[in-house]
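K.L.:
Sequence plus predicted model, see below.
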Amino acid sequence: ELVAPLTKQFELTAGLRYDEYKDIASAVNGKLSFRFQPSSSMLLRGSVGTGFRAPQLRQLYRPLQDFGVTAAPYDCSTEMAQMAASLGATCQPGKLQYNVFTGGNSQLQPEESKQATLGFRLEPTPAFSFGADLWWVGIDKTFGSVDENEAFGNVNKYKDLWLVYTDPVTGEKLLAYNASTTNLGKSYSTGIDFDVTGRFNTGIGNSQSQTYVQFRD
């Protein structure tokens with residue numbers, strides 16, 4: 001981390017980090033922040049940066065196991081029938097629940113993020129101060145399981161989420177749903193953090209009261 005006080009009022013901080021998870025992934029991420037204090041009672045601050053989160057070993061290599069059945073029953077659509085046939089299986093007859101499996105996904109990619117903040121802090125008197133920070137976070141390749149309604153409604157879109165369940169009694173091969181963790185896509189969050197701090201003398205010493213509020217979308 002490098003701290004550069006460009007003037008008495010303005011300071012820049014830069015940082016760089018390298019992460020490596022053997023046989024999983026590696027990444028270089030950075031952060032740049034500033035601090036501007038034009039007076040003793042006012043402070044402006046902000047930052048931009050990138051992030052990285054590697055999948056856990058259980059998310060990658062946990063053995064596939066039975067996870068019950070779908071929450072709702074489904075009709076065998078044309079897409080489902082075609083998918084079952086391509087796997088050497090058949091659909092459930094009529095409108096029934098389907099077997100669900102879950103396990104590791106060796107193709108899971110790390111989550112990558114970008115984030116930024118911009119805020120201020122005011123201290124009009126030594127006994128009172130308040131501040132606010134606007135923040136934004138964007139995550140790509142988020143971890144999660146595809147909603148079953150989405151998967152059954154878009155069978156060909158999620159071709160990798162289908163497998164074969166063999167009925168232990170009849171030996172019949174049936175189409176089943178794989179609810180293992182996968183990379184879902186992008187997600188964005190924005191919010192504002194407020195805090196108010198009051199300081200007062202109780203007669204036996206100084207005390208401080210702080211209120212913190214967060215709004216997010």
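P.N.:
Ah, there it is. Numbering: from 1, shown residues only.
K.L.:
Start and end of stretch 33-47, how far apart?
P.N.:
Using Cα to Cα, to the nearest Å, the end-to-end distance of stretch 33-47 comes to 4 Å.
K.L.:
Pull out the buried positions in it.
P.N.:
Judged by neighbour count (16 or more other Cβ atoms under 10 Å), stretch 33-47 contains these buried residues: 33-36, 43, 45-47. Where you see a C-beta, it was placed from the backbone N, CA and C, and this is true even at glycine.
K.L.:
and that stretch, average pLDDT?
P.N.:
Across stretch 33-47, pLDDT averages out at 95.
K.L.:
coming back round to it: can you tell me which two in the buried residues of stretch 33-47 are farthest apart?
P.N.:
Within the buried residues of stretch 33-47, two members stand farthest from each other by Cβ to Cβ: Leu43 and Ser47, at 13.6 Å.
K.L.:
need the contact list for the residue nearest the centre of the chain.
P.N.:
For the chain, the residue nearest the mean C-alpha position is Thr142 (5.2 Å; Cα atoms, centre = their mean). For Thr142, the residues meeting the contact criterion (Cβ atoms under 8 Å, 6 or more residues apart in numbering) are 111, 183-187.
K.L.:
Asp140 too?
P.N.:
Contact analysis of Asp140 by Cβ under 8 Å, 6+ apart lists 111-113, 185-186.
K.L.:
Ser129 contacts Thr197, correct?
P.N.:
Yes - between Ser129 and Thr197 a contact is recorded at 4.9 Å, counting by Cβ atoms under 8 Å.
K.L.:
ok, longest helix in this structure?
P.N.:
The helix of greatest length in the chain, counted in residues with DSSP state H as the criterion, is given as helix 78-86.
K.L.:
Could you list the buried residues of that helix?
P.N.:
Judged by neighbour count using 16+ other Cβ under 10 Å, the buried positions of helix 78-86 are 80, 83-84.
K.L.:
and which of those residues is nearest Val100?
P.N.:
Of the buried residues of helix 78-86, the one sitting nearest to Val100 (Cβ to Cβ) turns out to be Met80, at 14.6 Å.
K.L.:
And the helices in this structure, which stretches?
P.N.:
For the chain, the helices defined by DSSP H cover 57-61, 78-86, 148-153.
K.L.:
How far does the first one sit from its chain's centre?
P.N.:
For helix 57-61, the distance from its own C-alpha centre to the chain's C-alpha centre is 17 Å (Cα atoms, centre = their mean, to the nearest Å).
K.L.:
If you tally nearby residues, what's the number for the nearest residue in space to Gln65 that is not next to it in sequence?
P.N.:
The spatially closest residue to Gln65, leaving aside those adjacent along the chain, is Gly103, at 5.9 Å (Cβ to Cβ, 6 or more residues apart in numbering). As a burial measure, Gly103 scores 19 neighbours (other Cβ atoms under 10 Å).
K.L.:
Please state the backbone phi and psi of Gly103?
P.N.:
phi -180, psi -160 (degrees, to the nearest 10).
K.L.:
Which per-residue confidence value corresponds to it?
P.N.:
Reading off the per-residue confidence, Gly103 sits at a pLDDT of 93.
K.L.:
dump the residue contacts of it.
P.N.:
62-65, 178, 180.
K.L.:
Where does pLDDT dip in the chain?
P.N.:
With pLDDT under 70 as the threshold, the chain has low-confidence stretches at 202-210, 212, 214.
K.L.:
now the strands: where do they sit in it?
P.N.:
Listed from the start of the chain, the chain has strands (DSSP state E) covering 2-5, 10-21, 25-39, 42-53, 65-69, 99-102, 111-125, 128-140, 143-144, 162-166, 173-178, 182-183, 187-201, 206-216.
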